[in-house]
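Student: Have a look; sequence and predicted model below, questions after that.
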Amino acid sequence: MSEFKMDADYGPSGLSRGVQGLIGKGVDRVDGVAKVTGAARYAAEHRPGGKLAYAYAVTATIATGTVKSIDSDAARAMPGVITVIDDHKLIPAESAVIRQPHTPRADGPLESYGQIVAIVVAESFEQARDAAHAVVIDYAPQKGAYDTRSNVARAKGPHEGAMLPDIVVGDIDAAMQRAAVTHDITYTTPYHVHAAMEPHAAVAAWDGDNLTLWGAIQIIRGAKPVLAASLEIAPEQVRILSPYIGGGFGGKIGGPEMVMAALAARLTGRPVKAQLTRQQLFHSIYGRSDTHQRIRLAAGHDGKLTAIGQDSVVSQKPGVAFFEPVALGALSLYAGAARSFTHKIVGLNVTPAGAVRAPGEAVGMMALETAMDEMAEKLGMDPIAFRRLNEPGADPMSGKPFSTRRLLDCYAEGARRFGWDKRHPAPGQVRDGEWLIGIGMATAARVNFLADSHARVRLTPAGRAEIETDMTDIGTGTYTILAQVAGEMLGLPMDNVSVSLGDSLHPPGAGSGGSFGAASSTSSVLLACDDIIAELARRMDTQPADMTLKDGHAIAGNRRVPISDLVGDEPVEALGILHPGKNSRAFSQGTFGAQFAEVAVNAVTGETRVRRLLGVFDCGRILNAKTARSQAIGGMIWGLGYALHEEAVLDTRSGAYVNRDLGEYHIPVNADVPQIEAYFIEEIDEHASPVGAKGLGELGISGVGAAITNAVYNACGVRVRHWPMTLDHILPHLPPV
């Protein structure tokens with residue numbers, strides 16, 4: 001076993017000595033064929049032994065009040081119905097990572113629209129759905145609070161111990177009064193949902209007192225004890241399998257479908273599938289809060305910032321500790337002596353807010369980077385020059401050195417590739433028929449994390465490597481990059497490495513979330529492989545640094561021995577265990593980038609089309625050029641969606657979303673997405689992780705919305721500060737044709 005805490009740099013490893021040529025290469029995804037041929041089984045596709053039954057949720061049609069009674073007699077009499085679970089005595093207490101309604105409580109208060117109050121179990125999905133609609137619920141409604149602005153007077157600050165407490169340095173009000181040039185504007189973003197392609201689903205089967213559950217669960221080690229507590233059993237009695245996930249984005253840490261399936265299976269004695277509909281997801285799974293962000297900037301005529309503030313109001317369901325950390329990306333981004341980053345949380349009877357991809361930066365950077373462009377215009381400066389001028393030499397919050405930070409190189413490379421020097425600073429100068437053409441840019445920034453991660457690597461007598469960890473792959477390429485690291489270190493072709501993920505019987509991995517998955521999981525594989533390399537070197541009677549592993553052979557001195565011969569009759573096995581450590585406090589760690597956009601705005605209709613997107617990113621070592629680029633592009637498409645399309649519209653009379661399907665909750669489709677280019681400024685960050693990699697997946701979202709917003713202004717002179725930029729924000733303000 002090799003256990004390492006990141007209290008210092010790990011130092012040279014078998015990865016740094018590897019010569020197999022796999023790291024950084026654009027290797028095809030090892031799970032790609034299984035996915036495109038349908039061989040990969042997703043949560044709803046598992047069929048355990050026994051006749052499968054189906055569970056369907058009955059959800060509340062009011063947001064606040066109590067359930068007086070549930071009449072399920074008609075439903076129980078319908079064809080195919082096995083049972084209706086509506087007795088609160090059979091339903092365990094609510095238990096979840098962020099107190100979402102994971103389990104129905106027929107006797108409890110209703111605190112938001114769409115809470116699950118009963119479960120129908122039937123022979124088919126259709127029969128369960130029809131019977132659920134026949135359940136009659138009598139409510140005692142109460143007055144609720146559903147509008148952020150109307151209730152801002154009772155907003156509260158972050159709770160003690162919050163991930164992002166309020167930070168105020170110096171006197172920002174005084175700095176604003178003294179400054180030669182200032183900017184003080186409020187920007188707003190709407191509610192968002194995850195909108196993963198795969199809906200939430202789980203299949204549960206009991207064997208005596210032991211439960212096996214197949215689900216779409218990003219972080220298994222977190223979901224397992226929560227599920228066990230909900231069912232009032234020991235974690236050792238639960239096995240969770242989540243080998244493939246069709247998109248998660250923070251929403252699949254373990255939803256109510258887990259408990260629905262497990263409870264129904266226990267009560268019926270049959271395996272049960274529970275699948276939430278798209279409409280139910282909007283209220284049963286947490287989303288992203290609305291935000292109201294006051295951005296304040298102050299500078300001298302020379303353009304140097306003397307103050308920067310991002311003070312936000314967000315909403316949250318009462319009793320939930322999480323809140324959208326709007327200022328997360330801004331904290332250490334620009335210089336400026338006076339600083340204010342605060343949050344006020346308004347308690348509302350709405351679906352709880354939780355982690356949606358790039359919490360904080362996805363929406364916070366939209367406002368900040370739009371404001372930075374407005375400030376640059378007031379100063380008469382080029383937007384990139386203004387940002388470069390305010391690049392800090394060390395973390396402006398703590399004074400700590402950056403682990404690595406190549407943001408200036410991202411600006412330069414992005415500007416060169418995009419053709420920034422051809423930009424007309426004044427709006428409305430470039431036209432193509434009815435279309436006004438503009439370009440804009442913005443900074444991307446994202447905090448960097450490392451998480452506890454375990455991985456087992458086994459080198460078999462056949463000279464193959466087998467990797468086991470309960471780490472998951474949510475479409476990010478985990479299967480592939482783990483195989484690349486092991487193959488590179490052990491000198492094996494990719495075909496000689498197999499990876500088993502998403503099984504709670506495996507060592508507990510970091511899980512997929514916070515962009516910490518890749519660096520954490522590959523580092524634990526690295527630690528295990530270094531242990532194996534040390535053993536192979538011992539058997540070669542040499543030192544690891546003096547041995548080369550390539551193409552299934554060990555080479556040292558004048559000897560070249562098949563690795564299988566060194567292994568012998570018994571596998572060589574090691575467990576790699578990684579822990580975060582002091583490095584995360586000794587260095588300011590983040591990922592950075594520059595986003596560029598070209599848009600066309602129709603001078604007659606106000607329609608906006610994105611013509612080009614280009615991003616250049618600094619995120620440490622690139623493990624796989626192809627999957628990294630795919631992650632960056634995927635994030636950039638999210639940013640495009642936030643700029644132009646995505647808005648969960650809340651009815652402030654009832655607390656219900658009125659557009660709770662993908663027909664009305666608009667996300668980008670092929671026709672909306674232009675040619676996208678993503679490039680990397682690679683610098684291995686040994687302070688961040690043993691493999692030298694940092695988070696990437698969420699960085700791609702950051703700043704894109706602002707780049708598009710700034711490009712719209714450059715095209716037509718309309719400055720939008722409230723998203724998404726639908727026609728009503730642009731059309732009334734267009735210049736005369």
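Tutor: Nice, I can see it.
Student: can you pull out the helices in the stretch 151-300 of the chain?
Tutor: Using DSSP state H, counting those that start in this stretch, the helices of the stretch 151-300 of the chain run over 172-178, 220-231, 256-268, 278-284.
Student: as a whole number, average confidence for the third one?
Tutor: Predicted confidence along helix 256-268 averages 95 (mean pLDDT).
Student: what angle do it and helix 220-231 make?
Tutor: Interaxial angle, helix 256-268 versus helix 220-231 (axes from the mean of the first three to the mean of the last three Cα atoms, to 10 degrees): 40 degrees.
Student: Which strands and helices lie in contact with the helix or strand hosting Met636?
Tutor: Under the criterion of DSSP states H and E, Met636 resides in helix 625-644. Secondary-structure packing of helix 625-644 (3 or more Cβ pairs under 8 Å, 6 or more residues apart in numbering; DSSP states H and E): helix 361-379, strand 608-618, strand 675-680, helix 704-716. All C-beta atoms are positioned from the backbone trio N, CA, C, and that covers glycine.
Student: Any idea how far the last one is from the middle of the chain?
Tutor: Read it as helix 704-716. Its chain's C-alpha centre and that of helix 704-716 lie 24 Å apart, by Cα atoms, centre = their mean, to the nearest Å.
Student: I'd like to know the average pLDDT value across that helix.
Tutor: Over the span of helix 704-716, the pLDDT mean works out to 98.
Student: Which strands and helices lie in contact with the helix or strand that that helix is followed by?
Tutor: On the C-terminal side of helix 704-716, the nearest following helix or strand under DSSP H and E is helix 727-730. Helices and strands in packing contact with helix 727-730 are not found; criterion 3+ Cβ pairs under 8 Å, 6+ apart.
Student: in helix 727-730, what's buried?
Tutor: Under the neighbour-count criterion of 16 or more other Cβ atoms under 10 Å, helix 727-730 has His729, Ile730 buried.
Student: Can I get that helix as CSV, trimmed to CA atoms?
Tutor: Provided in CSV are the C-alpha atoms of helix 727-730 (Å, rounded to 0.1, in the frame of the first residue of the first chain):
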residue,chain,number,x,y,z
LEU,A,727,-34.9,39.1,-27.9
ASP,A,728,-36.8,41.3,-25.5
HIS,A,729,-33.5,42.4,-24.0
ILE,A,730,-32.0,43.4,-27.4
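Student: Go through the helices of the stretch 151-300 of the chain and name the closest to Gly24.
Tutor: Smallest distance to Gly24 across the helices of the stretch 151-300 of the chain (Cβ to Cβ): 28.7 Å, for helix 220-231.
Student: which other helices and strands contact that closest one?
Tutor: Partner elements for helix 220-231 (3+ Cβ pairs under 8 Å, 6+ apart): strand 210-215, strand 238-241, helix 256-268.
Student: Convert the C-alpha atoms of it to PDB, please.
Tutor: Presented in PDB, the C-alpha positions along helix 220-231 are these (Å, rounded to 0.1, in the frame of the first residue of the first chain):
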ATOM      1  CA  ILE A 220     -20.600   6.500  -4.600                       C
ATOM      2  CA  ARG A 221     -18.800   6.700  -1.200                       C
ATOM      3  CA  GLY A 222     -21.100   9.700  -0.300                       C
ATOM      4  CA  ALA A 223     -24.300   8.100  -1.500                       C
ATOM      5  CA  LYS A 224     -23.800   4.700   0.200                       C
ATOM      6  CA  PRO A 225     -24.100   5.800   3.800                       C
ATOM      7  CA  VAL A 226     -26.900   8.200   3.000                       C
ATOM      8  CA  LEU A 227     -28.900   5.400   1.400                       C
ATOM      9  CA  ALA A 228     -28.100   3.000   4.300                       C
ATOM     10  CA  ALA A 229     -29.300   5.600   6.800                       C
ATOM     11  CA  SER A 230     -32.500   6.200   4.900                       C
ATOM     12  CA  LEU A 231     -33.300   2.500   5.000                       C
END
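Student: Since that was my last question, I'll sign off now.
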